[in-house]
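S.K.: Please work out how this folds:
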Amino acid sequence: MKVKLIDYIKPADVRVAQAALTSYWSEWSLDNVEKISEKDAEIHVPRVLSYGHEGILEHVVLQFAVEGCSRACTHQLVRHRHMSFVQRSQRYITEEENDLFVVPPTMKSQKIRISTELIEKVFDLSDGHVKIVPPLDSDETEVTAGEFYNTITRLTMESYKALIAAGIPTEDARYVLPQGTKSKIFITTNLREFKHFIGLRTCMRAQWEIRTLAWKMLEEVVKHDDLRKLVEWAKIGPRCIQLGYCPEKELMPIPGCVSKMKKTFMKIVRD
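M.R.: Next comes the predicted model:
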């Protein structure tokens, strides 16, 4: 998975300070607003955020480009309704990449036993005709989950290509593609919604792929000094960082995960 911060409103810390000072600086004017500096941001923004006035973060907009995440991941991502998305179309673009499917880490080496009944109707498209593979002699066979997954996705891709070759529209042939199909997506979000997203999706309870995406997005943001300051001041990290405790309570992923999250967060922000 690749993630890139394409653009954002600069300088972000000054823009947030301009918004904050609009509210309570008696000398604020169209002439003075452009005189607000990074020093002013360092003085005023942390204090305003400490009062819980996070609306000022909405005046910074971030734009990300993401490729290589699965559609299972983007289905979760688009639930964040205050973000805006444009995703690669499977209607207008025919999927032809060789490395087209995300393989979950849990499938790489885990052994599973597959019943003959499950695999006896696997299609063989090798000679251009659909045939039924005869049942195995044994009732079960042992393979890794990854081998089984790769077999299924290869079959899926061959089926997809066969449907298109037969004249089925791409928008209909895509119905056979699994949720693990890689995609590309463009994301626009304000910094306040970004904090909400990061809080939920960097948690160790989040699904592994969207958690990876969230951390990569945060890593992209802190590459920029003006944004890094806002990440620290607004505590844009896992919810345990934002709140100071784990809100999952008895659902806490693993004992001591709060201290691990703090170390991960500080390493990203300070390094």
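S.K.: how far away is residue 42 from residue 48?
M.R.: Separation of residue 42 from residue 48 (C-beta to C-beta, to the nearest Å) stands at 12 Å. Placement of C-beta: from N, CA and C, glycine included.
S.K.: Of these two, give the one with the bigger neighbour count.
M.R.: Neighbours were counted for residue 42 and for residue 48 using other C-beta atoms under 10 Å; residue 48 has more, 20 against 13.
S.K.: would the more buried one count as being in a helix?
M.R.: Yes. Counting by DSSP: H, G, I helix; E, B strand; the rest coil, residue 48 is located in a helix.
S.K.: show me the contacts for it.
M.R.: Residues in contact with residue 48 (C-beta atoms under 8 Å, 6 or more residues apart in numbering) are 20, 56.
S.K.: One more: the one 5 residues further on?
M.R.: The neighbours of residue 53, taking C-beta under 8 Å, 6+ apart as the test, are residue 20.
S.K.: Please identify the buried residues of stretch 237-250?
M.R.: Neighbour counts over stretch 237-250 (16 or more other C-beta atoms under 10 Å) mark 237-242, 246 as buried.
S.K.: Mind checking what secondary structure residue 96 has?
M.R.: Classification of residue 96 using three-state DSSP returns coil.
S.K.: In space, what's closest to residue 186 - neighbours in sequence excluded?
M.R.: Of all residues not flanking residue 186 in the chain, residue 86 sits nearest, at 4.6 Å (C-beta to C-beta, 6 or more residues apart in numbering).
S.K.: Need the per-residue pLDDT for the one you found.
M.R.: Note on residue 86: pLDDT of 97.
S.K.: In the sheet, which strands lie alongside whichever strand or helix holds it, parallel or antiparallel?
M.R.: Assigned by DSSP states H and E, residue 86 falls within strand 84-87. Paired strands of strand 84-87, with direction, are strand 182-190 (antiparallel) (DSSP bridges).
S.K.: Kindly confirm my reading that residue 179 forms part of a helix.
M.R.: No. Counting by three-state DSSP, residue 179 is not part of a helix but coil.
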